[in-house]
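[1] Take a look and give me a structure for this.
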Amino acid sequence: MRRLAVLHSGEIIPATAIADELKEPARALAIEAREEAASLGEAVEQFLSRYFLSHGDRLPPPGIYDRIIQEVERPLILLCLAATRGNQIRAAQLLGLKPKHPAQEN
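    Residues are numbered from 1 along each chain as shown. Alright, predicted model coming up:
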């Protein structure tokens with residue numbers, strides 16, 4: 001979201017720009033669970049349990065927090081942008097974020 005906001009200073013980000021930026025699929029949402037989770041927390045716990053098990057006796061590589069946040073952040077931002085028809089200001093409000101203005105970056 002931050003990168004898109006920097007690259008496109010207008011109020012609306014073109015859909016093609018979003019698609020280009022997010023070519024890598026959000027795998028966390030594409031994983032089919034055997035049992036449907038009752039909450040997001042349960043879904044994340046199921047995903048992480050499978051992720052840790054897939055590494056056998058070893059630990060996953062460092063940086064798991066950032067990878068998981070990125071997996072959740074992408075679809076959340078895309079859905080908010082879609083819900084606001086690409087309006088960055090409204091999407092930021094929906095997310096509870098304050099948009100940065102050029103004067104605030106210093």
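[2] Could you name the helices and strands sitting against the strand or helix carrying residue 82?
    In the assignment (DSSP states H and E), residue 82 maps to helix 64-83. Counting contacts by 3 or more CB pairs under 8 Å, 6 or more residues apart in numbering; DSSP states H and E, helix 64-83 packs against helix 27-30, helix 40-53, helix 88-95. From N, CA and C alone the C-beta is placed, and that goes for glycine too.
[3] May I see the buried residues of it?
    71, 74, 76-78, 80-81 (16 or more other CB atoms under 10 Å).
[4] Now do it against helix 88-95, angle only.
    Interaxial angle of helix 64-83 relative to helix 88-95 (axes from the mean of the first three to the mean of the last three CA atoms, to 10 degrees): 120 degrees.
[5] Extract the CA atoms of helix 64-83 and return them as PDB.
    The C-alpha trace of helix 64-83 is given here as PDB (Å, rounded to 0.1, in the frame of the first residue of the first chain):
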ATOM      1  CA  ILE A  64       8.400 -15.500   9.900                       C
ATOM      2  CA  TYR A  65       6.600 -12.500  11.500                       C
ATOM      3  CA  ASP A  66       7.200 -10.300   8.500                       C
ATOM      4  CA  ARG A  67       6.200 -13.000   6.000                       C
ATOM      5  CA  ILE A  68       2.900 -13.700   7.800                       C
ATOM      6  CA  ILE A  69       2.100 -10.000   8.100                       C
ATOM      7  CA  GLN A  70       2.700  -9.600   4.400                       C
ATOM      8  CA  GLU A  71       0.500 -12.600   3.600                       C
ATOM      9  CA  VAL A  72      -2.400 -11.000   5.500                       C
ATOM     10  CA  GLU A  73      -1.700  -7.400   4.600                       C
ATOM     11  CA  ARG A  74      -1.900  -7.900   0.800                       C
ATOM     12  CA  PRO A  75      -5.400  -9.300   0.600                       C
ATOM     13  CA  LEU A  76      -6.700  -6.900   3.300                       C
ATOM     14  CA  ILE A  77      -5.400  -3.900   1.300                       C
ATOM     15  CA  LEU A  78      -6.800  -5.200  -2.000                       C
ATOM     16  CA  LEU A  79     -10.200  -5.900  -0.500                       C
ATOM     17  CA  CYS A  80     -10.300  -2.400   1.000                       C
ATOM     18  CA  LEU A  81      -9.300  -0.800  -2.300                       C
ATOM     19  CA  ALA A  82     -11.900  -2.800  -4.100                       C
ATOM     20  CA  ALA A  83     -14.600  -1.900  -1.600                       C
END
